[in-house]
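J.: just need the structure, nothing else, for what follows:
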Amino acid sequence: MKSPPSYCKVTSLYAHWTHLVPRVRMQVLMAGVCVSNYLLRACLGTCAVLMVQEYHWDVQVKGMLLGSFFWGYLVGNVFAGPVSSRYGAGLVLAFAAISWSSLAIAIPMASDLGFWHVWLLHILLGLAASPVMPTTMQLISAYVPASERGCSLAARALAFRFGQIVASVLAPLICSQAGWRASFCIFGTVSFLFSMLWLGFAMTKKDSRIEVRKTCQGDDSSEEPVQGVKSDHCFLPLHALRKRGFLALLVVHCSNNFAMYTIMSWGPSYFTEVLQLPLESVGLYLMLPAAFSGVGSVIGGLMTDWLQSRRWPPLAMRRWILCPAALGAGVSLVTFGIMRDAMTASLAITLAALSIGVLDTAQNTVYLDVAPTNAAALVSLGNAIATLPGAAGPALVAALLQATGLWPLVWGIIAACLVVSAIVFAAFGSVDDLEKKLSPKYMQV
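T.: Residues are numbered from 1 along each chain as shown. Sure thing, here's the model as predicted:
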């Protein structure tokens, strides 16, 4: 007769389930907030097409408008990580979601007051949206075991891309039928509902900075530190900028954002002005890149977790995923720039988006490698710097187009940045824990 399970095994199983339920609830509701964030971000480029036509703005003003969101996003990322560490990632994410939803609804109301009012609200919208990356990274770091973070990051990226797909398809239809103002109001209202769900069902009692729980292994007990979502230490790792490995990661992040944000901001304009498609048809062509970017994120997450289960060296694993993805995105963008048929151009940009999705998951796993217990602060710093291409990129694209009129030059420059980032990370990339190197006191319990 078999002996009954030991008390230790029973309590271990109970602890597993009690930790699994809030984790699943958090991830589902977090996915809803991520969807709502990208609903608004992805509709900005489509709405800008009609706003420029209605108010007769030139290409430079259009570049300023498309870049304004990212300037606010850049500034907000400087503070989002430390604020998340201080007040709790869940609370900061709830406040941010309510704020960006309200600002989206306010933009149509201010449009007739002049360009600068719309420009300012776009900046504030970017400022409100900025905590979404560091807060969700902090929540994943706190709730998800290291062996499952690849898939969790992929699920978050898939939520972003789902929001982008919905906005890519619906925003052109709404704009062509009801006007661009309706697009902001509808997506802002949906986003507000998601933020209320997060506030009502994901916010639980305050977690401690680091709790120590007993884990049972046979007859022995060991102590395992578990990171909470709130910290009394606002670790803003500016000294990380002295580390060659972190600088290599920033080069990859900047190049990835340059490609992704240019496609998102200028994609609708490119398909309507260069490929001569009607606005209501643009969504179908932009849906594929958004969808395959999500597929790429899932592939990147699955590859990461599979290689980790095979006990690959961490740095070799990151390089083998990240570098080919960056090279593939660069080659696809060059091909996209020379195509003049809408179908083949859509296929080329879809392949680029697939590679960008893999690249996005790979770079985010590196952030968790180098800052395993306080990813929010390091992601906040990295995302602030990597938003510079998104902020300055639209103005640069507008200047290049005004001077040369050559779209292939624009896509070629972005492709060159991606190729260089692959070479830099292959040569200088690192997955060393920066927290232990830069702030030893922070690791003390």
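J.: go ahead and flag the most central residue of the protein.
T.: residue 133 (5.6 Å; Cα atoms, centre = their mean).
J.: can I get the CA coordinates of whichever strand or helix holds that one in PDB?
T.: For residue 133, the host element (DSSP states H and E) is helix 132-143. Only the C-alpha atoms of helix 132-143 are listed here, as PDB (Å, rounded to 0.1, in the frame of the first residue of the first chain):
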ATOM      1  CA  VAL A 132       2.800  50.300 -20.300                       C
ATOM      2  CA  MET A 133       6.200  48.700 -21.100                       C
ATOM      3  CA  PRO A 134       8.100  49.100 -17.800                       C
ATOM      4  CA  THR A 135       5.000  48.200 -15.600                       C
ATOM      5  CA  THR A 136       4.100  45.100 -17.600                       C
ATOM      6  CA  MET A 137       7.800  44.000 -17.500                       C
ATOM      7  CA  GLN A 138       7.800  44.500 -13.800                       C
ATOM      8  CA  LEU A 139       4.600  42.400 -13.400                       C
ATOM      9  CA  ILE A 140       6.000  39.600 -15.500                       C
ATOM     10  CA  SER A 141       9.300  39.700 -13.600                       C
ATOM     11  CA  ALA A 142       7.300  39.500 -10.300                       C
ATOM     12  CA  TYR A 143       4.700  36.800 -11.200                       C
END
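J.: just want the angle from the next helix or strand after that helix to helix 132-143.
T.: Sequence-wise, the next helix or strand downstream of helix 132-143 (DSSP H and E) is helix 149-178. For helix 149-178 against helix 132-143, the angle by axes from the mean of the first three to the mean of the last three Cα atoms, to 10 degrees is 150 degrees.
J.: against which helices or strands is helix 149-178 packed?
T.: If contacts are counted by 3 or more Cβ pairs under 8 Å, 6 or more residues apart in numbering; DSSP states H and E, helix 149-178 sits against helix 7-55, helix 132-143, helix 180-197, helix 279-309, helix 342-370. Using the backbone N, CA and C atoms, a C-beta is placed for each residue, glycine as well.
J.: what about the third one, average pLDDT?
T.: When the per-residue pLDDT values of helix 180-197 are averaged, the result is 92.
J.: check which element follows whatever helix or strand residue 84 lives in along the chain.
T.: Assessed by DSSP H and E, residue 84 sits inside helix 59-87. The helix or strand immediately downstream of helix 59-87 is helix 89-110, counting by DSSP H and E.
J.: buried residues in that next one?
T.: Neighbour-count burial for helix 89-110 flags 89-108 (criterion: 16 or more other Cβ atoms under 10 Å).
J.: before we move on, back to that, the residue nearest to the centre of the chain and residue 76 touch, don't they?
T.: No. Applying Cβ atoms under 8 Å as the test, residue 133 and residue 76 come out as separate, 10.1 Å apart.
J.: neighbours around residue 169, how many?
T.: 18 (other Cβ atoms under 10 Å).
J.: for the helix holding residue 84, which helices and strands make contact with it?
T.: Packed next to helix 59-87, using 3+ Cβ pairs under 8 Å, 6+ apart, are helix 7-55, helix 89-110, helix 115-129, helix 132-143, helix 244-273, helix 375-386, helix 388-403.
J.: make it 6 Å
T.: When contacts are defined as 3 or more Cβ pairs under 6 Å, 6 or more residues apart in numbering; DSSP states H and E, helix 59-87 sits against helix 7-55, helix 115-129, helix 132-143, helix 375-386, helix 388-403.
J.: TSV for those, including mean pLDDT and distance to residue 80?
T.: Putting those into TSV (pLDDT from 0 to 100; distance: least, Cβ to Cβ, whole Å) gives the following:
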stretch	mean pLDDT	distance to residue 80
helix 7-55	74	13
helix 115-129	91	9
helix 132-143	82	5
helix 375-386	79	5
helix 388-403	83	15
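J.: which of the helices and strands packed on helix 149-178 sits closest to residue 240?
T.: Taking Cβ to Cβ, helix 342-370 is the member of these nearest to residue 240, at 7.8 Å.
J.: pLDDT weak spots in the protein?
T.: Scanning the chain with the threshold set as pLDDT under 70 gives 1-22, 147, 202-237, 373-376, 433-445.
J.: starting at the chain centroid, how far to stretch 71-80?
T.: Stretch 71-80 sits 14 Å away from the centroid of its parent chain (Cα atoms, centre = their mean, to the nearest Å).
J.: give me the contact list for it.
T.: 123-124, 126-127, 130-131, 134, 380, 383-384, 387, 391 (Cβ atoms under 6 Å, 6 or more residues apart in numbering).
J.: which of those has the most neighbours?
T.: residue 134 (33 neighbours).
J.: contacts only, for it.
T.: Residue 134 neighbours (Cβ under 6 Å, 6+ apart): 80-81, 84, 376, 379-380.
J.: farthest pair within these?
T.: 84 and 379 (9.5 Å).
J.: ok, these two, which is more surrounded?
T.: Ranked by neighbour count (other Cβ under 10 Å), residue 84 and residue 379 place residue 84 first, with 32 against 27.
J.: quick one: contacts for the more buried one?
T.: Contacts of residue 84 by Cβ under 6 Å, 6+ apart are 92, 134-135, 138, 376.
J.: cutoff 8 Å now
T.: Counting by Cβ atoms under 8 Å, 6 or more residues apart in numbering, residue 84 touches 92-93, 131, 134-135, 138, 376-377, 380.
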